[in-house]
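Novice: Using only what follows, build the 3D model:
(one chain, ligands or ions: 1)
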Amino acid sequence: MIRVIAIYPGSFDPLTNGHVDLIDRGSKIFDELIVAILRNPEKDPLFSLDERLEMLQAMTLHRKNVRVDSFEGLMVDYAMRVNASAVLRGIRAISDYEYELQMALMNRKLEPRLETVFMLPGVSYSYLSSKLVREIAQLGAPLTGLVPAIVEERMKAKIS
Ligand code: PNS
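Specialist: Alright, predicted model coming up:
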């Protein structure tokens with residue numbers, strides 16, 4: 001029997017309820033889902049890699065076929081190292097499509113054995129992004145319903 005391993009790559013800075021929704025959906029269709037946090041030395045993230053790993057691990061503990069990891073360099077190289085045959089990405093609105101299409105086609109050029117699978121998050125998350133969450137948190141807006149409680153607490157602590 002073929003086991004389909006997928007990776008769900010991203011920055012997750014911070015993890016939002018939209019990401020959690022996509023992880024839940026992906027874990028139902030793939031045999032194994034690896035949430036892969038990009039280690040990007042050029043970016044100055046709000047949460048360190050360890051903090052993001054910890055929060056993602058806490059939020060995915062109940063899903064036995066989900067694990068959390070990090071990677072550096074080309075995503076397709078990482079995918080091949082962990083024997084993934086699919087990469088999961090979310091499309092919230094048509095505005096995401098152009099960038100995601102470009103990335104998926106470039107990844108296909110780099111590694112034709114890897115398929116990109118797009119899933120739609122719940123409509124209530126269609127306007128949600130890590131960037132907007134960071135911005136409104138810094139300006140003191142409540143984050144309830146936008147990010148998991150563990151992320152909300154840590155963001156409050158970081159910003160205050
Ligand atoms: O959270 P994001 O910014 O939507 O995630 C983007 C990510 C991490 C999936 C993308 O930047 C990526 O895959 N980076 C790794 C480097 C790479 O493979 N670049 C070529 C992309 S075609």
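
Novice: In contact with residue 9: list those residues for me.
Specialist: By CB atoms under 8 Å, 6 or more residues apart in numbering, the contact set of residue 9 is 36, 37, 38, 71, 75, 78, 87, 89. (Glycine included, C-beta is placed from N, CA and C.)

Novice: what residues does the top helix by length along the chain touch?
Specialist: Of all segments of type helix in the chain, defined using DSSP state H, the longest is helix 94-110. Counting by CB under 8 Å, 6+ apart, the neighbours of helix 94-110 from elsewhere in the structure are 74, 75, 76, 87, 89, 90, 91, 114, 116, 118.

Novice: close to the ligand, is that helix?
Specialist: Yes. Against the ligand, helix 94-110 shows contacts by CB under 6 Å from any ligand atom at 103, 106, 107.

Novice: what separates residue 118 from residue 43, distance-wise?
Specialist: When distances are taken as CB to CB, to the nearest Å, residue 118 and residue 43 turn out to be 24 Å apart.

Novice: Is there a neighbour count for residue 26? I'd like the number.
Specialist: 24 (other CB atoms under 10 Å).

Novice: Which element, helix or strand, includes it?
Specialist: For residue 26, the element it lies in under DSSP states H and E is helix 17-29.

Novice: again, but for residue 70
Specialist: Element membership of residue 70, judged by DSSP H and E, is strand 66-71.

Novice: buried sites along that strand?
Specialist: In terms of neighbour count (16 or more other CB atoms under 10 Å), strand 66-71 has its buried residues at 66, 68, 70, 71.
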